[in-house]
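*Asks:* The following comprises the amino acid sequence and a computationally predicted model.
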Amino acid sequence: MTERTATLVLAAHGTRSAAGESTLSALAETVRRARPGHRVELSYLEISSPLLSDVLPAVRGPVVVVPLLLAGGYHAHIDLPEVIASRRPDAVIAGWLGPHRLLTSALTRKLARAGLRGTDAVLLGAAGSSDPSALADVRAAAHRLAVRLARPVTAAFASAGSPSLEEAMERLGSTPAARVAIASYVLAPGHFHDRLAAAGAGLVSDPLGPDPDVAALIWHRYDAALVARHSPGLHRASL
């Protein structure tokens with residue numbers, strides 16, 4: 001399998017938000033423009049169309065699947081591998097996206113565009129998970145952002161995970177910070193970004209969306225998966 005011949009299949013979770021689907025389509029187009037001539041297909045694990053389970057059998061030749069997931073968890077460890085095992089067992093699964101310095105760069109730009117001030121307290125607002133390793137991924141992303149911004153950044157979760165978004169907002173509300181800024185750690189508009197937007201923060205950055213750094217990271221995961229295919233001893237963290 002080579003970079004020139006392997007189709008990149010993007011595997012997103014799925015959303016009931018039309019704006020979310022539009023944003024993910026725009027991200028796929030940004031990925032295509034980054035490497036003209038490469039075949040790129042967008043698919044979903046559930047809810048949205050086309051489903052990964054339908055896309056995989058239709059693609060001829062080698063396939064690399066890059067999960068459009070910012071952290072590990074059920075979809076990364078169970079759901080996605082099961083679909084691939086049943087529909088396209090020869091496909092190579094790349095690592096999920098976060099944490100990574102390119103996401104940190106994108107988050108920093110989104111916050112700056114939203115009007116981040118030097119006195120703001122910052123939350124990294126994520127969906128959450130019942131998987132401790134997924135929560136650890138988000139906390140690692142918060143640490144990276146804290147280093148970049150040179151101020152504390154707290155990871156907070158809109159669903160499963162601690163602290164919850166509400167708990168984190170309450171804690172920061174008792175600090176001297178002038179206001180709370182939430183860095184939206186989601187890829188597209190939808191249920192979880194709506195939860196962040198309704199939390200009462202002074203500002204909430206836009207979802208990561210079709211950011212060039214997100215597209216670059218997707219290709220990085222693609223490349224790393226091909227390298228790992230030929231060098232099985234390499235660990236994901238080293239890629």
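*Replies:* Yep, it's here.

*Asks:* now the nearest residue to Leu10 once chain neighbours are set aside, what's its secondary structure?
*Replies:* In space, and not counting its chain neighbours, Leu10 is closest to Leu42: 4.9 Å by CB to CB, 6 or more residues apart in numbering. C-betas here are computed from N, CA, C, even on glycine. Secondary structure, DSSP: H, G, I helix; E, B strand; the rest coil: Leu42 is strand.

*Asks:* dump the residue contacts of Leu42.
*Replies:* Listed by CB atoms under 8 Å, 6 or more residues apart in numbering, the contact partners of Leu42 are 10, 12, 24-25, 28, 50.

*Asks:* What of Phe192?
*Replies:* 126-127, 158-159, 186.

*Asks:* any idea how far Ala94 is from it?
*Replies:* 23 Å (CB to CB, to the nearest Å).

*Asks:* can you check Gly190 too?
*Replies:* 23 Å.

*Asks:* and if you look at Asp223?
*Replies:* In terms of CB to CB, Asp223 sits 9 Å off from Ala94.

*Asks:* what's the answer for Arg148, then?
*Replies:* Distance from Arg148 to Ala94, by CB to CB: 24 Å.

*Asks:* Check Ala76 too.
*Replies:* Separation of Ala76 from Ala94 (CB to CB): 11 Å.

*Asks:* got any residues that touch both of the two?
*Replies:* Pro67.

*Asks:* who's in contact with the least confident helix or strand in the chain by mean pLDDT?
*Replies:* For the chain, the helix or strand with the lowest mean confidence is helix 74, at a mean of 74 (criterion: mean pLDDT, DSSP states H and E). With contacts defined as CB under 8 Å, 6+ apart, helix 74 is touched by 129-131.

*Asks:* so after it, what's the next helix or strand?
*Replies:* Counting by DSSP states H and E, the next helix or strand C-terminal to helix 74 is helix 80-87.
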